[in-house]
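1. Return a 3D structure for these sequence lines:
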Amino acid sequence: MSSKYKYNVWPLGKVPKELQRPELDQIREQGYVWEDPRDVIDIFEKKVAEYAGSKFAVSVDCCTHAMELSLRLLLKNGEISLGDTITIPNHTYVSGALMPMQLGFNVEFEDIEWSGIYQLKGTRVYDGAVRWNSGMYVGSNALQAVSFQIKKRIPIGRGGVILCDRQTDFEWLKLASYDGRDLTLPYTHPNHLKVFGYHYYMTPEDAARGIILMDTVGDENPDTGNNTTYPDVRQMIKNVT
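-> This is a model prediction of the structure:
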């Protein structure tokens, strides 16, 4: 369980049952055991990590934020610095270029073929938004972002996850994704806030939907995107101010 301090689920129970999202009840009916809604997030993360072949998985609200937190972790560690060059394919989803630019990196583009996943060169971050296969984690202490957008293999609707192998990476990313809050301590505890974090966490209901969908998707799935799927980002952003 994420915390011995119970999640405040108000207004659950006050909203009519027919208007509540059903996923939490559905996974309980399928045999998953949980006491606190945040337990469901832990179940989902462990399920994803086991499927992907990583030691850990940190759920977030979208793949772009998964990559952003990964880059912020590298900045915190001193592995990279603002102004460094990050190289990405010129044919990719536009947020893959905009996000590092907005953080303060120099983004360069290369015309390469790729499918499912590519590295943000100059870092150990990977954009794996359009891949979902058993054992998909690339290893070598990578920070690998996954997407659960509606067109992906696990179409939660919105959501992402960061796959990683380092305990220290996992611990910081968990804190940072949840506003920097230590969920093992009550909200009123003087040390509840551990780091300057970001409001990027996945909701228990979305995690429950992810669990349901994972139980219906097999181990081998074709990539849902590649370099031919996306237009040239350079042309999209050249006149943006």
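
2. make it CA atoms for all contacts and neighbour counts henceforth
-> Noted.

3. phi, psi of residue 117?
-> Residue 117 adopts backbone torsions of phi -160, psi 150, taken as degrees, to the nearest 10.

4. and the gap between it and residue 24?
-> 31 Å (Cα to Cα, to the nearest Å).

5. Now do the same for residue 23: its pLDDT.
-> Here the pLDDT value assigned to residue 23 is 96.

6. repeat for the one 5 residues further on
-> Confidence per residue is given as pLDDT, and for residue 28 that number is 96.

7. Apart from its neighbours in sequence, what residue is nearest it?
-> residue 34 (7.6 Å; Cα to Cα, 6 or more residues apart in numbering).

8. got it, and residue 117?
-> Nearest to residue 117 is residue 128, by Cα to Cα, 6+ apart, at 4.1 Å.

9. and that neighbour, what are its phi and psi?
-> Residue torsions, per degrees, to the nearest 10, at residue 128 are phi -110, psi 40.

10. what's the burial count for the residue nearest to residue 28?
-> Residue 34 has 15 neighbouring residues, counting by other Cα atoms under 10 Å.

11. Return the residues in contact with residue 68.
-> Contact analysis of residue 68 by Cα atoms under 8 Å, 6 or more residues apart in numbering lists 99-100.

12. now with 10 Å?
-> By Cα atoms under 10 Å, 6 or more residues apart in numbering, the residues touching residue 68 are 74, 96, 99-100, 103, 125, 145.

13. Isn't residue 7 up against residue 36?
-> Yes - counting by Cα atoms under 10 Å, residue 7 does reach residue 36; the two are 6.3 Å apart.

14. Comparing these two, which shows the higher neighbour count?
-> More crowded of residue 7 and residue 36, by other Cα under 10 Å: residue 36, with 18 against 15.

15. What distance do you get for the residue nearest to the spatial centre of the chain to residue 240?
-> Nearest to the geometric centre of the chain sits residue 161, at 2.3 Å (Cα atoms, centre = their mean). Look at residue 161 and residue 240: by Cα to Cα, they are 29 Å apart.

16. In contact with the residue nearest to residue 28, which residues?
-> 1, 24, 27-28, 40, 42-43.

17. cool, residue 52 as well?
-> Contacts of residue 52 (Cα under 10 Å, 6+ apart): 46, 132-138, 163, 219.

18. hang on, the earlier thing: what count of nearby residues applies to the residue nearest to residue 117?
-> Counted with other Cα under 10 Å, residue 128 comes out at 27.

19. right, and it touches residue 142 too?
-> No - the criterion here is Cα under 10 Å, and residue 128 misses it with residue 142 at 11.2 Å.

20. Now for these two: what residues contact both?
-> With Cα under 10 Å, 6+ apart, residue 128 and residue 142 have common neighbours 119, 162-163.

21. Tell me where this protein has strands.
-> Along the chain, the stretches classed as strands by DSSP state E are 56-60, 85-89, 106-110, 118-119, 125-127, 143-147, 160-164.

22. Pull out the buried positions in the third one.
-> By neighbour count on 16 or more other Cα atoms under 10 Å, the buried set for strand 106-110 is residue 107.

23. Perfect, that will be all.
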